[in-house]
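In: Sequence first, then the predicted structure:
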Amino acid sequence: MLKWQIFKLNLIIISICLLSFNGPITSCLVYIFIDLLLTAYMIFISKSNLKRLLTVIAYMTLITLQVCYCIFILNGTDFIVGKMTMLISYLFLGFSFYLKEILDLNLDKVYIFSDINVERNSNLSFLSFDKIEEFNQILSNKIEFLKNSKEVLTKEVIEEVIEQVKRNSFFSYINEGTLNEKYLKKLEESIQDNHIYIVLSDTGSPTSKVISIKTHKTYNHVSIAFDSKLNTLISYNGGEYINPPGLNAEMIEYLLKKEDSSIYVYKLEVSKEQKQKMIDKIREINLSGSAYNLLGLFSKQSYKPKSNIMYCSQFVYLLLQYADAEYFENKSESIKPTDLVELDYDRKLILVKKITLFG
């Protein structure tokens, strides 16, 4: 159930981002895709033919209304984004998901108790304690999930995430040659230090807040540095509106945006050869180009049309893999920033220090 809630949140976020363009064709495709997906899901989990039939009728009716809205209302605005049409678009999207809850509640009230034995000629249903406990746990998870979502998904956060989506590219490189010779020289000078430094942080950015709903983690950004003073700090990020999203050098000040921000710095021993391979890989990415895999942050499995389209934890882990310095096995497509610390079962990492805004 929790996995479905996370998947649903991902759908909502991506759909909101696409609806922000507010064009009739884009909106129509979003509505149809979401409705058909929810219909297929409901048909798949339903055990009643009546529920399947009513689900199809309900969603086909909703699709008809949404398509009419896109044709006669949105198409009549000449693509001018108005507050009222944007609000109606979001309401129609919300109703697609709310309709599923209505159908679940009214057509299949005892779905969770489907394996309970009920005597044919009896008006009483006997519920097992384990099923009641399961139901209570699901209800508790849903309440907690909705509470966290409500606190994080404010208007300001949603608007900022939409702006970030517009700056990103999911299919082509948009960041090329951002790392200058001064930075690259610092990388080469750090070769004598036989450690790399993995930096885990809570940046406090709107994107980080949204990701925290999915990961249930506070620290949702990871970087890598090649010197102990962190002058070579680097990762995949949004570019801070200075550089294009993708592979960018970072500063500690960038990671300490909130008053209660904190950063954990870990070091990992590597050979000079391994370190050089990582540096060479960074040079290669900088030369060929990169883009920030923002879409992959919100999906269970990351879609990578090109090898250099990544997010922060993918970059750090793949860099370790490239130099044969990884200290745990995991799929790079699903790795979270905290995995780089929490999955260090052999304790290869050494905690160096914790950094806060006020020292």
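Out: Perfect, thanks for sending it. Numbering: from 1, shown residues only.

In: okay, CA-based contacts and neighbour counts for the rest of this
Out: Will do.

In: so where's the stretch 101-250 of the chain shaky on pLDDT?
Out: 104-162, 204-216 (pLDDT under 70).

In: Okay, buried residues for stretch 246-261 please.
Out: Under the neighbour-count criterion of 16 or more other CA atoms under 10 Å, stretch 246-261 has 246-250, 252, 255-256, 261 buried.

In: Centre of the chain to it, how far?
Out: Its chain's C-alpha centre and that of stretch 246-261 lie 19 Å apart, by CA atoms, centre = their mean, to the nearest Å.

In: could the buried residues of stretch 246-261 be laid out in CSV, adding secondary structure and distance to residue 193?
Out: Formatted as CSV, the buried residues of stretch 246-261 follow (DSSP: H, G, I helix; E, B strand; the rest coil; distance: CA to CA, whole Å):
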residue, secondary structure, distance to residue 193
246, strand, 26
247, strand, 23
248, strand, 22
249, strand, 19
250, coil, 19
252, helix, 20
255, helix, 23
256, coil, 25
261, coil, 28
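
In: Quick one: the helices in this structure, in order.
Out: Using DSSP state H, the helices of the chain run over 2-19, 24-45, 49-69, 83-107, 129-152, 155-167, 181-189, 206-215, 252-255, 272-288, 294-297, 312-322, 339-342.

In: Give me the residues contacting the third one.
Out: In other words, helix 49-69. 28, 31-32, 35-36, 39, 42-43, 46, 92, 96, 103, 107-108 (CA atoms under 8 Å, 6 or more residues apart in numbering).

In: Quick check: buried residues in it?
Out: Going by neighbour count (16+ other CA under 10 Å), the buried part of helix 49-69 is 51-52, 55-56, 58-60, 62-63, 66-67, 69.

In: and what of stretch 260-277?
Out: 261-271, 274-277.

In: Lowest pLDDT pick from the residues you listed?
Out: On pLDDT alone, residue 261 ranks lowest of these, at 79.

In: Distance-wise, check that one relative to residue 172.
Out: 33 Å (CA to CA, to the nearest Å).

In: next one: residue 72
Out: Counting by CA to CA, the gap from residue 72 to residue 172 is 35 Å.

In: Who has more neighbours out of these two?
Out: residue 172 (15 against 11; other CA atoms under 10 Å).

In: so who does the more buried one touch?
Out: Residues in contact with residue 172 (CA under 8 Å, 6+ apart) are 290-291, 306, 309.

In: what's across from residue 350 in the sheet?
Out: Taking DSSP bridges as the rule, residue 350 bridges to residue 267.

In: State whether it and residue 198 are indeed in contact, as I suppose.
Out: No: counting by CA atoms under 8 Å, residue 198 is not a contact partner of residue 350; they are 9.8 Å apart.

In: quick one: which of these two has more around it?
Out: residue 198 (26 against 14).

In: For burial, what's the neighbour tally of residue 182?
Out: Around residue 182 there are 8 residues (other CA under 10 Å).

In: do the same with residue 70
Out: 23.

In: what separates the nearest residue to it once chain neighbours are set aside from residue 321, distance-wise?
Out: Nearest non-adjacent residue to residue 70, counting by CA to CA, 6 or more residues apart in numbering: residue 24, 4.8 Å away. Going from residue 24 to residue 321 by CA to CA gives 45 Å.

In: ok, the two, which is more surrounded?
Out: Relative neighbour count places residue 24 above the other of residue 24 and residue 321, with 23 against 16, counting by other CA under 10 Å.

In: give the contact list for that one.
Out: 70-71, 74-75, 79.

In: rerun that using 6 Å as the cut-off
Out: Residue 24 makes contact with 70, 74-75, according to CA atoms under 6 Å, 6 or more residues apart in numbering.

In: Which of those residues sits closest to residue 242?
Out: For these, the closest approach to residue 242 (CA to CA) belongs to residue 74, at 34.4 Å.

In: hang on, the earlier thing: for the contacts of helix 49-69, which single residue is the most surrounded?
Out: Highest neighbour count within those: residue 35, with 24 neighbours (other CA under 10 Å).

In: Tell me how far that residue lies from residue 292.
Out: Between residue 35 and residue 292 the computed distance is 29 Å (CA to CA).

In: How about residue 316?
Out: Taking CA to CA as the criterion, residue 316 is separated from residue 292 by 13 Å.

In: what about those two, which has more around it?
Out: residue 292 (30 against 24).

In: Would you mind confirming that that one makes contact with residue 308?
Out: No: at 8.5 Å, residue 292 does not count as touching residue 308 under the criterion of CA atoms under 6 Å.
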